[in-house]
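Engineer: Need the 3D shape of this:
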Amino acid sequence: MLKKRFSFRILVIFLLALSMVSQPVLADEVNEYEETANRMIPYEVVHSGLPYDIQIIDNYIDQGTIGISIDRFASEKVKLMITKDGTNYTYDLQQNGSFEFFPFQLGDGLYRVDILENTTGNSYRYVRRLTYEVMLEDTNSVYLQPMQYNDWTYNKEFMEWVDELTESADSNEEIIQVLYDHLVENFGYDYDKAATVTPGYLPDLSLALDEQIGICYDYSAIYSAALRYKGIPTKLIKGYTTHVNGYHAWNEVLTDEGWVTVDVTVDAFYDVHNMAYEFEKDSSDYQTVNYY
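Structural biologist: Now for the predicted structure:
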């Protein structure tokens, strides 16, 4: 049992809802950073002869992730929609030619992957459609992968930061606790960003090293990236909780006792205000809308 602490959704004119807004971790320390990044090195964006470029990395489907790279679209707004059994997850694609990875978190089965380009207003057109029959190697493997919202693979400074913090940790439980403690006690809440943030915002993991201030999405993305990097399955959840007014983000972490709900943002607030709090939250206080 982790110790208790005290001291705090595209009118494809068709219409689709806009999203608010998402290699296994290596055990060896030898060439750790280089080997993690090698997942993408063999793939280069090449011009397709079309007005736009699309590249797909589907080598890691059985680990629960697909890579997408786009460039040269006429519209600045391009979306990815992943659908399974009537459930849709929609993401904004960054148009810069680099690969972004997205989860197949809805379990085994048939997934449809659509890339859509904005035409006018909230209208989009289908540009490409792919289908994949997914059979995960492990049900938790998807929660070990670097994704769009928490990809640490080229952020050497972030990995070094995590390694330094967890250097003395002798177990997964200690790693979970050390990283939690550090964020709760050192990472502040950015009220200005919370008041002005727009749909499509993506966290920057370097906030943990530099400004050390962010919103709930930043807290949960950083915590999930750090734990996944250390080989600990971690979910990023979005939805609602009795602890916060409005849309919120938190984590679920796989501990020795199973999945537990962890809310670093709320606990950091409690810590600052000298209020009592516990690492594990009551899951009945949380309502999941999307999970990654």
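
Engineer: Report the contact partners of the residue nearest to residue 190 when sequence neighbours are not counted.
Structural biologist: In space, and not counting its chain neighbours, residue 190 is closest to residue 213: 4.7 Å by CB to CB, 6 or more residues apart in numbering. Any C-beta I mention is one placed from the backbone N, CA and C, and that applies to glycine too. Applying CB atoms under 8 Å, 6 or more residues apart in numbering, we find residue 213 in contact with 187-190, 207.

Engineer: how does it look with 10 Å?
Structural biologist: 186-193, 207 (CB atoms under 10 Å, 6 or more residues apart in numbering).

Engineer: Let's see which of those end up in strands.
Structural biologist: 188-189 (DSSP state E).

Engineer: Let me know the closest of the contacts of residue 213 to residue 121.
Structural biologist: residue 193 (27.2 Å; CB to CB).

Engineer: List only buried entries from the contacts of residue 213.
Structural biologist: 187, 189-190, 207 (16 or more other CB atoms under 10 Å).

Engineer: Now the two most distant members of the residues you listed.
Structural biologist: The span of the buried ones among the contacts of residue 213, defined through CB to CB, is set by 189 and 207 at 11.8 Å.

Engineer: who touches both of these two?
Structural biologist: Common neighbours of residue 189 and residue 207 (CB under 10 Å, 6+ apart) are 213-215, 218-219.

Engineer: will you turn the residues you listed into JSON lines that also has pLDDT, secondary structure and distance to residue 271?
Structural biologist: Listed next are these as JSON lines, based on pLDDT from 0 to 100; DSSP: H, G, I helix; E, B strand; the rest coil; distance: CB to CB, whole Å:
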{"residue": "213", "pLDDT": "97", "secondary structure": "strand", "distance to residue 271": "14"}
{"residue": "214", "pLDDT": "98", "secondary structure": "strand", "distance to residue 271": "15"}
{"residue": "215", "pLDDT": "98", "secondary structure": "coil", "distance to residue 271": "17"}
{"residue": "218", "pLDDT": "98", "secondary structure": "helix", "distance to residue 271": "16"}
{"residue": "219", "pLDDT": "98", "secondary structure": "helix", "distance to residue 271": "12"}
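
Engineer: which one of those residues is nearest residue 148?
Structural biologist: Closest to residue 148, out of all of the shared contacts of residue 189 and residue 207 and judged by CB to CB, is residue 218, at 14.2 Å.

Engineer: And residue 160, which helix or strand is it part of?
Structural biologist: Element membership for residue 160 (DSSP states H and E) is helix 156-165.

Engineer: ok, back up a step: what are the bridge partners for the residue nearest to residue 190, then?
Structural biologist: Taking DSSP bridges, one obtains residue 188 as the residues bridged to residue 213.
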